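The amino acid sequence is not available; the structure is as follows:
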């Protein structure tokens, strides 16, 4: 019974580890906080010129939001084009 409980606890510990935000950062994401340390989830929450703390998997850097304002999502995305200009096939 103790061995079964230990295995279950080990499984739960592994699950907790996979859900930790540090593992998300290790996959290439970042965590952005404002000057007070509050997490920012949307670009609309960032005021132009605001001081930011950006956390990567290997540390933090300070940054300031572009004071010229933000770009819309349509302005920041470029359409993907095939390298050779030909349409590929799915199969």
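In hand now; what should we look at? This one's a predicted model, so the numbers in the text were calculated from it and none came from an experiment. Residues are numbered from 1 along each chain as shown.

Tell me who's in contact with the residue nearest to residue 35 when sequence neighbours are not counted.
Spatial nearest neighbour of residue 35, chain neighbours left out: residue 51 (4.4 Å); criterion: Cβ to Cβ, 6 or more residues apart in numbering. Glycine gets a C-beta too; all of them are placed from N, C-alpha and C. Residue 51 sits next to 34-35, 62-64 when contact means Cβ atoms under 8 Å, 6 or more residues apart in numbering.

can you pick the most crowded of those?
Neighbours here mean other Cβ atoms under 10 Å. Within the contacts of residue 51, the largest count is held by residue 34, at 16 neighbours.

Quick check: that one vs residue 13, distance?
Noted for residue 34: a distance of 32 Å to residue 13, by Cβ to Cβ, to the nearest Å.

picking up where we left off before, out of the contacts of residue 51, which sit inside strands?
Within the contacts of residue 51, residues falling in strands by DSSP state E are 34, 62-64.

right, and the helix or strand after the longest helix anywhere in the chain?
Secondary structure of the chain per DSSP state H: the longest helix is helix 2-19. Per DSSP states H and E, the first helix or strand lying C-terminal to helix 2-19 is helix 21-26.

Including distance to residue 21 and pLDDT, could the ones in strands among the contacts of residue 51 go into CSV?
CSV is the format used below for the ones in strands among the contacts of residue 51 (distance: Cβ to Cβ, whole Å; pLDDT from 0 to 100):
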residue, distance to residue 21, pLDDT
34, 17, 95
62, 20, 96
63, 19, 95
64, 24, 94
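
wait, which of the contacts of residue 51 is closest to residue 89?
residue 63 (42.7 Å; Cβ to Cβ).

Spell out which residues sit in contact with the closest one, please.
Here residue 63 is in contact with 51-54 (Cβ under 8 Å, 6+ apart).

Quickly list what it is bridged to.
Beta bridges link residue 63 to residue 52, judged by DSSP bridges.

helix/strand/coil for the residue most central in space within the chain?
For the chain, the residue nearest the mean C-alpha position is residue 29 (3.1 Å; Cα atoms, centre = their mean). Three-state assignment for residue 29 (DSSP: H, G, I helix; E, B strand; the rest coil): coil.
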